[in-house]
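sequence and predicted structure below; questions after.
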Amino acid sequence: MEQIKGFKNALILTENGIVKTNLIIENGIIAKLGDFECRGLTELDADKIIIPAFIDQHIHGADGADAIDGTKEALSKVANALAREGTAAFLATTTTESRDCLERALITVKEYIKESPAEGAEILGVHLEGPFISEEYLGAQLPEYAVFPNINCFKHYEDVSGNNIRLVSMAVEAEGGEELYRYLIPRGIVASIGHSAAGYEDIKKAVAAGVSCVTHTYNAQRPLHHREVGVVGSAMLFDELYCEVICDGIHLSFPAVKLLQKNKPEDKLVLITDSLRAKYLPDGVYAEPGGQVINVKDGEARLPDGTLAGSTLKMNIAVKNIMQQLKLPLETAVKYATENPAKCLGVFDRLGSIAEGKLANLVIVDKHINVYETIRGGISVYRSK
């Protein structure tokens, strides 16, 4: 892994837009950004742009491995795979599994974060997707392990994880839901409405309490209806809510993405991949620890009954899709995968944009968002051949 000193005369997407300028990295931090005398820095080809590295707050696995596997080898494999698509930070996302399986996964993430490996993308913490979900909107989650929200149960997982749980997807309307999200919010843990049958009044109360996110918007949640707007309609109505989006053209039609994008403030749309272990692998049949069988054909991941079960989406492709399909400028599309998730997770002080004093998490791309190099904390963690 190579330590990067910086770049000169490079096109850089800064907080003030794309500018041609210089950037110096010291001790993994962006030390200087602007026009100044510089020597020994890298010059890029004219068609390359430096953008902030992507942040994926909802990703299960890639390259044959998954966070729920509960091994450091699996986490390392996922982290290195994500660097290939320009992601330098992510939340290791669990699924609704047995207590033992969840405990093993949480303990492993805790140990991995403590060791802080330099290779691949950084694990910022855990996204606990389940078990506190609605049986009515399970999606591909296992019904036998879905439970009502419970503070004591969560405290156990919180302790096991070493306080590394950063986001919880939950059915806010369920028995115990309000008690749980009122416990999470003061602790800086993002409470996200996911796999939920909540109605408008449930969500109005939750938002007033500080619930701030919607998990994979449109998918596995109460849809919009003209007599009850449900989760989907509420996601559009409440500007306070960040909305996760799987922009693969499979989970959502592009007109559905456009409808959401038109109804949200620019800083509230968050691109995610929700990808599985099948990402970077050929089509085939893949087994999960809980016994589920997932069929992947033409990049679509489904249960035997046809239910969508995560994705094989890469983050740079998600950015490219939303840019091309919604006719958005690169600056806006990139923001959905960098600045917005950083703000959602409360880490924008150090991640999510290119500015002096922030971590040197950078990606070198072309105008089509092809990834040539991913830099994490000033170290090159991926370079295309």
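The structure has been received and is ready for your questions.

got a list of what Ala360 touches?
With contact taken as Cβ atoms under 8 Å, 6 or more residues apart in numbering, Ala360 is in contact with Ile4, Ile25, Gly28, Ile29, Ile30, Ile375, Gly377, Gly378. From N, CA and C alone the C-beta is placed, and that goes for glycine too.

can you list phi and psi of it for me?
Backbone torsions of Ala360, given as degrees, to the nearest 10, read phi -80, psi 70.

go on, the one 10 residues further on?
According to degrees, to the nearest 10, the main-chain angles of Asn370 amount to phi -70, psi 140.

going forward, begin numbering at 332 instead of 1
Shifting the count to begin at 332 puts that one at Asn701.

quick check: it vs Gly456, distance?
Asn701 sits 29 Å away from Gly456, taking Cβ to Cβ, to the nearest Å as the criterion.

more crowded one of these two?
Per other Cβ atoms under 10 Å, whichever of Asn701 and Gly456 has more neighbours is Gly456, with 23 against 14.

how about CSV for the contacts of Ala691, with pLDDT added?
Supplementary listing: these in CSV, determined by pLDDT from 0 to 100:
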residue, pLDDT
Ile335, 95
Ile356, 97
Gly359, 97
Ile360, 98
Ile361, 98
Ile706, 98
Gly708, 98
Gly709, 97
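
quick one: which of those residues is most hemmed in?
Highest neighbour count within the contacts of Ala691: Ile706, with 28 neighbours (other Cβ under 10 Å).

any idea which element that one lies in?
Under DSSP states H and E, the secondary-structure element containing Ile706 is strand 702-707.

circling back to that earlier point, which one of the contacts of Ala691 sits closest to Ile524?
Ranking these by separation from Ile524, with Cβ to Cβ as the measure, puts Gly708 on top at 32.8 Å.

so that closest one sits against Ile361, correct?
No - the pair Gly708 / Ile361 is not scored as a contact, 10.4 Å apart, by Cβ atoms under 8 Å.

and for these two, which residues touch both?
Applying Cβ under 8 Å, 6+ apart, one finds that Gly708 and Ile361 are jointly contacted by Leu690, Ala691.

give me the nearest residue to Ala609, chain neighbours excluded.
Nearest non-adjacent residue to Ala609, counting by Cβ to Cβ, 6 or more residues apart in numbering: Val627, 4.5 Å away.

show me the contacts for that neighbour.
For Val627, counting by Cβ under 8 Å, 6+ apart, the contacting residues are Ala609, Leu612, Asp614, Gly615, Val616, Tyr617, Arg633, Thr643.

ditto for Ala452
Neighbouring residues of Ala452 by Cβ under 8 Å, 6+ apart: Asp387, Ala410, Asn411, Leu413, Ala414, Thr418, Ala419, Ala420, Phe421, Thr705, Arg707, Val712.

doesn't Tyr713 make contact with the fifth one?
Going back to what we said before, that points to Ala414. Yes - with contacts counted by Cβ under 8 Å, Ala414 reaches Tyr713, the gap being 3.9 Å.

now the common contact residues for those two.
Counting by Cβ under 8 Å, 6+ apart, the common neighbours of Ala414 and Tyr713 are Gly451, Thr705.

may I ask which helix or strand of this protein has the lowest mean pLDDT?
Lowest on mean pLDDT, DSSP states H and E among the helices and strands of the chain sits strand 615-618, with a mean of 89.

any buried residues in it, and which?
If you call a residue buried by 16 or more other Cβ atoms under 10 Å, then strand 615-618 has these buried ones: Tyr617.

brilliant, that's me finished.
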